[in-house]
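Asker: Next input, structure requested:
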Amino acid sequence: MLKSRVAEQFYELYSNDPILIKAPGRINIIGEHTDYNDGFVFPAAIDKYIVFAIAPNGSSRQCRLHALDMQESFEFDLTDFQPLNKKWPNYLMGVVSELQLLGKKIQGFDCVFSGNIPIGGGLSSSAALECGLAYGLNVLFDLNISKLQLTRLTQRAEHHFTGVKCGIMDQFASMMGKVEHAIKLDCRSLEYSYFKLNLGEYELLLCDSNVKHSLASSAYNTRRLECDTGVAILKKHYPEITSLRDVTLDMLKAEREAFSEVIFKRCQFVVDENQRVVEIGKALENNDLQAVGRLLFEGHKGLRELYEVSCKELDFLVELAQKGTYILGARMMGGGFGGCTINLIHRSKVAYFRDHAQRQYEFRFGKKLSTFKVVCSDGVKMIRL
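Answerer: The predicted structure follows:
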């Protein structure tokens with residue numbers, strides 16, 4: 001069992017009894033690339049997670065980290081540390097840095113972690129890494145920081161220590177998730193509401209393309225810049241707007257001549273996608289799974305044609321899903337250029353589709369396709385052996 005393995009490794013390395021924290025990954029049902037545009041998203045924490053074992057080590061300065069899955073260790077000094085080329089420690093050091101910037105007193109600590117979130121699958125293993133450590137240090141050193149404050153803090157950690165100008169969605173879902181529910185989140189105000197996922201005879205199946213991507217790549221930050229460019233153009237005519245959240249399709253069309261083709265497409269996608277989040281909430285309230293599926297397919301088309309963050313492997317998987325009447329909807333999920341598709345599939349056809357998709361995918365691309373079912377889970381919390 002994962003938590004036992006982490007606890008045992010911790011004791012073997014550090015001869016101490018730790019607290020245990022579980023931090024989940026997340027899916028996003030709809031609302032891609034809208035979070036950093038102050039828009040709406042519809043994520044959920046899932047039953048794939050990272051387990052942390054953390055304890056103070058009696059030092060005032062020294063922190064020791066061990067990534068069990070990679071069998072890698074790293075140490076840093078609380079009084080002198082900065083981002084490094086070695087990637088995974090940056091997520092954790094970024095959290096510590098942001099806690100210190102808040103004036104919180106942290107002593108030396110030891111940490112071992114391991115998880116079952118597919119890395120690079122668009123399930124926000126990085127946010128789970130940040131949220132789990134932040135929550136654990138908050139408990140360990142009695143810092144008295146709310147979950148909402150921790151969510152904002154972990155987002156800042158990613159901005160400042162990895163260079164990824166991510167929105168708030170990933171950290172919010174990992175921190176604030178609720179079992180059997182998805183979250184409709186307003187990324188501007190952080191107002192949110194839980195929606196119970198009544199999927200009936202259907203369930204959520206993820207197909208991992210095993211095409212790995214890095215959100216720190218230039219493409220992600222380029223999309224942010226393109227959206228900001230669109231806002232700057234529109235503000236000349238609509239000074240009241242502050243982000244694409246405030247923009248309507250009519251505004252875009254009225255100023256069409258002021259945009260390059262690329263900037264117009266980026267803005268149109270975000271405006272359309274925000275509306276899809278609103279519509280999917282209504283569809284779930286009405287138990288209209290057909291409408292949910294239609295919105296998923298529409299979302300993928302926009303990500304492929306307007307935002308241009310899909311890839312041939314993801315497009316192939318969505319096209320396969322469209323051929324099966326037992327799949328109501330599918331789309332790529334996450335930052336793009338790899339990762340998973342999310343599929344709303346009849347549970348009686350999961351095994352059939354899994355086998356069919358794996359054969360077709362390997363024949364076409366010469367690589368393995370991983371699939372797994374997910375259910376909605378609680379956010380970050382302490383656990384016991």
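
Asker: Domain parsing of the chain, as residue ranges.
Answerer: 2-197+378-383, 202-374 (automatic domain parsing).

Asker: which of these is buried the deepest?
Answerer: domain 2-197+378-383 (a mean of 20; mean count of other CB atoms under 10 Å). Yep, even glycine has a C-beta here, placed from its N, CA and C like the rest.

Asker: Now do the end-to-end distance for that one.
Answerer: Counting by CA to CA, to the nearest Å, you get 12 Å between the two ends of domain 2-197+378-383.

Asker: Okay, now the unreliable bits of the chain?
Answerer: Along the chain, segments meeting pLDDT under 70 span 120, 213-218.

Asker: So which residues of it form helices?
Answerer: 2-14, 87-101, 125-140, 147-162, 169-176, 218-235, 249-254, 261-285, 289-305, 312-322, 350-365 (DSSP state H).

Asker: Of all these, which one is nearest residue 41?
Answerer: When these are compared by CB to CB, helix 169-176 sits nearest residue 41, at 4.5 Å.

Asker: what about the longest strand in the chain?
Answerer: strand 43-56 (DSSP state E).

Asker: by contact count, what packs against that one?
Answerer: With contacts defined as 3 or more CB pairs under 8 Å, 6 or more residues apart in numbering; DSSP states H and E, strand 43-56 has these neighbours: helix 2-14, strand 19-28, strand 109-115, helix 125-140, helix 169-176, strand 181-186, strand 370-374.

Asker: The second one pairs with which strands?
Answerer: Looking at strand 19-28 with DSSP bridges, its paired strands and their directions are strand 43-56 (antiparallel), strand 381-383 (antiparallel).

Asker: With distance to residue 312 as extra columns, can I get the ones you listed in JSON lines?
Answerer: Shown next, in JSON lines, are these (distance: least, CB to CB, whole Å):
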{"stretch": "strand 43-56", "distance to residue 312": "26"}
{"stretch": "strand 381-383", "distance to residue 312": "39"}
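
Asker: So for residue 291, which of the ones you listed sits nearest?
Answerer: strand 43-56 (18.2 Å).

Asker: between the closest one and strand 370-374, how big is the angle?
Answerer: Put simply, strand 43-56 runs at 90 degrees to strand 370-374, going by axes from the mean of the first three to the mean of the last three CA atoms, to 10 degrees.

Asker: beta partners for the closest residue to residue 17 other than its chain neighbours?
Answerer: For residue 17, ignoring the flanking residues on the chain, the nearest one in space by CB to CB, 6 or more residues apart in numbering is residue 55 at 6.7 Å. Counting by DSSP bridges, residue 55 is bridged to residue 110.

Asker: Could you measure from residue 55 over to residue 99?
Answerer: Distance of residue 55 to residue 99, given as CB to CB, to the nearest Å: 17 Å.

Asker: Also residue 234?
Answerer: Distance, residue 234 to residue 99, using CB to CB: 38 Å.

Asker: go on, residue 341?
Answerer: For residue 341, the distance to residue 99 - CB to CB - is 36 Å.

Asker: which residue sits farthest out from the middle of the chain?
Answerer: When each C-alpha in the chain is compared with the mean C-alpha position (CA atoms, centre = their mean), residue 257 comes out farthest, at 35.0 Å.

Asker: one step back: quick check: which of the helices of the chain is nearest to residue 80?
Answerer: Nearest to residue 80, of these and by CB to CB, is helix 87-101 at 11.2 Å.

Asker: The nearest residue to residue 306 once chain neighbours are set aside: what's it in contact with?
Answerer: Computed as CB to CB, 6+ apart, the closest residue to residue 306 that is not its neighbour in sequence is residue 269, at 3.8 Å. Neighbour list for residue 269: 33, 302, 303, 306, 307 [criterion: CB atoms under 8 Å, 6 or more residues apart in numbering].

Asker: Let's have these in JSON lines, adding distance to residue 39.
Answerer: Output for those, formatted as JSON lines (distance: CB to CB, whole Å):
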{"residue": "33", "distance to residue 39": "9"}
{"residue": "302", "distance to residue 39": "13"}
{"residue": "303", "distance to residue 39": "14"}
{"residue": "306", "distance to residue 39": "15"}
{"residue": "307", "distance to residue 39": "13"}
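
Asker: For the helices and strands packed on strand 43-56, please prepare JSON lines with the additional fields distance to residue 277.
Answerer: Shown next, in JSON lines, are the helices and strands packed on strand 43-56 (distance: least, CB to CB, whole Å):
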{"stretch": "helix 2-14", "distance to residue 277": "33"}
{"stretch": "strand 19-28", "distance to residue 277": "10"}
{"stretch": "strand 109-115", "distance to residue 277": "28"}
{"stretch": "helix 125-140", "distance to residue 277": "19"}
{"stretch": "helix 169-176", "distance to residue 277": "11"}
{"stretch": "strand 181-186", "distance to residue 277": "7"}
{"stretch": "strand 370-374", "distance to residue 277": "19"}
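
Asker: So which of the ones you listed is nearest residue 40?
Answerer: Across the helices and strands packed on strand 43-56, residue 40 has its closest neighbour in strand 181-186 (6.0 Å, CB to CB).

Asker: Tell me which other helices or strands the closest one touches.
Answerer: Packing partners of strand 181-186 (3+ CB pairs under 8 Å, 6+ apart): strand 40-41, strand 43-56, helix 169-176, strand 192-196, helix 261-285.

Asker: so can I have JSON lines of those showing distance to residue 105?
Answerer: JSON lines is the format used below for the helices and strands packed on strand 181-186 (distance: least, CB to CB, whole Å):
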{"stretch": "strand 40-41", "distance to residue 105": "34"}
{"stretch": "strand 43-56", "distance to residue 105": "12"}
{"stretch": "helix 169-176", "distance to residue 105": "22"}
{"stretch": "strand 192-196", "distance to residue 105": "31"}
{"stretch": "helix 261-285", "distance to residue 105": "40"}
